[in-house]
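A.B. asks: Compute the structure for the input listed below.
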Amino acid sequence: MRLLIIVLCGLALAFDGYDLVVYGTTIKALREEWGISAAQAGTIGSAALVGMLVGALLVGTLTDRWGRRRTFLFSVAWFSVLMAACALAQDPDTFLVLRFLAGIGLGGLMPTAATLTIEYAAEKHRAFTYAAMQSGYAIGGIMAATLAIPLLPTAGWRVMYLIGAAPLVLVLPLAWRYLPESLEYLVSRGRQDEARQLAARIGVPVPPPSDSARNGVRTLVQRPYLRRTLLFWLASFCGLLLVYGLNTWLPEIMRASGYPLGSALSFLLVFNLGSVAGALLGGRLSDRHGAKPVILGSFALAAICAAALSTNPGQVAIYVLIAVAGYGTIGTMHLINAHVTRSYPAGVRATGIGWALGVGRLGAILGPAVGGLIIDSSLGAGWNFYFFAVVAVLGAAAVAAFPRTREPAGAPA
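C.D. replies: Numbering: from 1, shown residues only. Here you go, the predicted model:
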């Protein structure tokens, strides 16, 4: 049963990752059809991220009140319908609004899936289990990059967004049938009999009650959590800026460097493949040695790789650097999310990760927008790599300041 919960969360996040990458694969086609500039394309790219910010803050807070199962189902249905609607857009303004609305559902999905995974993962392997579940995110990105290579030239950009509605038939029915409610939520609502029955069926202990959910966001900004909350927010800001900035503009940056479209999209594929392998390794190392040094090292790798890519090394070196950068960006965010979710009391886990991701979405919004401005400027697309390297250094500084934390009481074993 535990494995099924993790698989369902990972499958849903695969389409979150698909949405992350699909816009980057279709930018060229959208610009050609609607005649928009790179800066305008960056603004449209940021629209979904604004929606994700709203969804993460709103749903990430309310899921501890609504229930995590109900929130998960609603988020999947919402973003799937809106992805299909994006395929029908006839102008950039309508497309922007639909991307914003889809982002609300996507923003609500991540904290809910993260909380359920950490809750039901085996204690000794939580970081690795979380990284494995989050690999669905990168697998979705790989799927988008892979499908774009044959489909964009033949079927056009709209079919790419229709594929993004697949969770309506692939995920939602399975989750409706098999995904259980959170034990922590049941206990916090006094539904002890339901919690005991579910715990016996899954084979896990009933978590102790926690009254922290009553305080919600206030718990995050009070002692002893205020310092870690602010640092988590800064690290998430930097991490998501790197993830969305590179996934949005990497194909265009490589095309500006002289590579054809197919080759440029293959770099995006390698970027996401690198994140899967790196995140699994990073999760295993975090379980053994603690999250802080591993996250610090992954941010450092992102900075080094971004700086090295700005020098335009040989093609083999570029593939290696992009693969490692995939781990240093997407993989880093997986590790940060797992650490954040484990660092708050059970009653506010979803609130904690929701707000970290919500504030982090400001970086996700900034990444595509700044990338578009740099590409449109006289600086040249390669200057994006300098910008990303600086952001990675800032993220590493935030992680270096993380306090040493123990998992709060109330965590399920």
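A.B. asks: Pull up the distance across stretch 180-197, start to finish.
C.D. replies: 11 Å (C-alpha to C-alpha, to the nearest Å).
A.B. asks: list the buried ones in it?
C.D. replies: Pro180, Glu181, Ser182, Leu183, Glu184, Tyr185, Leu186, Val187, Ser188, Ala195 (16 or more other C-beta atoms under 10 Å). Bear in mind the C-beta positions are built from the backbone N, C-alpha and C, glycine included.
A.B. asks: So which of those residues belong to helices?
C.D. replies: Cross-referencing those against helices under DSSP state H gives Leu183, Glu184, Tyr185, Leu186, Val187, Ser188, Ala195.
A.B. asks: didn't the fifth one look like it was pressed against Val206?
C.D. replies: Yes: between Val187 and Val206 there is a contact under C-beta atoms under 8 Å: 6.6 Å.
A.B. asks: shared neighbours, the two?
C.D. replies: Listed as contacting both Val187 and Val206 by C-beta atoms under 8 Å, 6 or more residues apart in numbering are Ala195.
A.B. asks: what secondary structure does Ala77 sit in?
C.D. replies: Classification of Ala77 by DSSP: H, G, I helix; E, B strand; the rest coil places it in helix.
A.B. asks: Report the contact partners of it.
C.D. replies: With C-beta under 8 Å, 6+ apart, Ala77 has these contacts: Gly105, Leu168, Leu172.
A.B. asks: For the second one, list the residues it contacts.
C.D. replies: By that I understand Leu168. Going by C-beta under 8 Å, 6+ apart, the list of residues near Leu168 reads Val76, Ala77, Ser80, Val81.
A.B. asks: Can you pull out the low-pLDDT segments for the stretch 1-150 of the chain?
C.D. replies: 20, 60-61, 64 (pLDDT under 70).
A.B. asks: now the strands for this protein?
C.D. replies: Counting by DSSP state E, the chain forms no strands at all.
A.B. asks: Can you verify my assumption that Gly203 contacts Met1?
C.D. replies: Yes: using C-beta under 8 Å, Gly203 is in contact with Met1, at 7.2 Å.
A.B. asks: Compare these two (neighbour count), which wins?
C.D. replies: Met1 (13 against 8; other C-beta atoms under 10 Å).
A.B. asks: Now do Tyr344 against Gly354, distance only.
C.D. replies: Counting by C-beta to C-beta, to the nearest Å, the gap from Tyr344 to Gly354 is 11 Å.
A.B. asks: So those two - more neighbours on which side?
C.D. replies: The residue with more neighbours, out of Tyr344 and Gly354, is Gly354; 32 against 28, by other C-beta under 10 Å.
A.B. asks: What's the separation between the more buried one and Ser236?
C.D. replies: In terms of C-beta to C-beta, Gly354 sits 11 Å off from Ser236.
A.B. asks: Same question for Phe385.
C.D. replies: 21 Å.
A.B. asks: Columns distance to Phe232 on top of the contacts of Ala77, output as JSON lines?
C.D. replies: Output for these, formatted as JSON lines (distance: C-beta to C-beta, whole Å):
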{"residue": "Gly105", "distance to Phe232": "23"}
{"residue": "Leu168", "distance to Phe232": "33"}
{"residue": "Leu172", "distance to Phe232": "31"}
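A.B. asks: among those residues, which are in helices?
C.D. replies: Gly105, Leu168, Leu172.
A.B. asks: Looking at the residues you listed, which is nearest Thr219?
C.D. replies: The shortest approach to Thr219 among those belongs to Gly105, at 25.8 Å (C-beta to C-beta).
A.B. asks: ok now do Ile142, which residues does it touch?
C.D. replies: Ile142 neighbours (C-beta under 8 Å, 6+ apart): Val21, Leu269, Asn272, Leu273, Val276.
A.B. asks: Restricted to buried residues, select the residues you listed in PyMOL.
C.D. replies: A single PyMOL command selects the buried members of these (16+ other C-beta under 10 Å):
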select buried, resi 21+269+272+273+276
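A.B. asks: Tell me the one of the contacts of Ile142 nearest Tyr130?
C.D. replies: Nearest member of those to Tyr130, counting by C-beta to C-beta, is Val276, at 13.5 Å.
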